[in-house]
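below are the sequence and a predicted model; questions follow.
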Amino acid sequence: MEDTNNLNGGENNRWAWIVTGIVVLVAIIGFYSWPQKTNEETAEVPANNVVEEDVYTASLNNVSSSDEVVDIEADLNNTDVSNLDKEAVDVDSAINNE
């Protein structure tokens, strides 16, 4: 006669492997379909938070495109950096007054 316990054990073992394979497959599909942030998404600036450049910053960006020494010296001499740290002083005073 046949051993029925051995046949049922093999059947259960096969179903256990099938169920395990399905669970692993679902986990892999879920991992790859989960939404992930990319660098492109984090680099976007919302349209309502457009930063406007003030006049002082615009004047700092106003330089010639020439690479001649005379033109570079003229750009350096025309650049006013006397108020460059004004905001840093304001921040320090705000922190110290707390």
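All right, it came through fine.

after the lowest-mean-pLDDT helix or strand in the chain comes which helix or strand?
When each helix and strand of the chain is scored by mean pLDDT, DSSP states H and E, helix 39-43 comes last, with a mean of 56. Using DSSP states H and E, the helix or strand that follows helix 39-43 in sequence is helix 55-60.

list the buried residues of that following helix.
Within helix 55-60, not a single residue qualifies as buried, counting by 16 or more other CB atoms under 10 Å. Backbone N, C-alpha and C define where each C-beta goes, glycine included.

any stretches of the protein with poor pLDDT?
Low-confidence segments of the chain (pLDDT under 70): 1-9, 36-53, 98.

select the longest helix from it.
Among all segments of the chain classified by DSSP state H, the helix with the greatest residue count is helix 4-33.

show me how the protein divides into domains.
Residue ranges of the domains in the chain are recorded as 1-35, 52-98, according to automatic domain parsing.

mind checking how far the shortest one is from the chain centre?
Okay, so that is domain 1-35. For domain 1-35, the separation from the chain centroid amounts to 40 Å (computed by CA atoms, centre = their mean, to the nearest Å).

please begin residue numbering at 25 from this point
I'll keep to 25 as the first residue from here, and by that count the last item is domain 25-59.

would you mind writing the CA trace of stretch 46-65 as CSV?
Output for stretch 46-65, consisting of C-alpha atoms alone and laid out as CSV, is shown next (Å, rounded to 0.1, in the frame of the first residue of the first chain):
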residue,chain,number,x,y,z
ILE,A,46,3.8,34.7,-4.4
VAL,A,47,4.6,36.7,-1.3
VAL,A,48,8.2,37.4,-2.5
LEU,A,49,6.9,38.4,-5.9
VAL,A,50,4.3,40.8,-4.4
ALA,A,51,7.0,42.3,-2.2
ILE,A,52,9.3,42.9,-5.1
ILE,A,53,6.6,44.5,-7.2
GLY,A,54,5.5,46.7,-4.3
PHE,A,55,9.1,47.9,-3.7
TYR,A,56,9.6,48.9,-7.3
SER,A,57,6.2,50.6,-7.7
TRP,A,58,6.5,52.6,-4.5
PRO,A,59,6.8,56.3,-5.4
GLN,A,60,10.2,57.7,-4.8
LYS,A,61,11.4,61.3,-4.8
THR,A,62,14.0,62.1,-7.4
ASN,A,63,16.4,65.0,-7.6
GLU,A,64,14.3,66.6,-10.2
GLU,A,65,11.3,66.8,-7.9
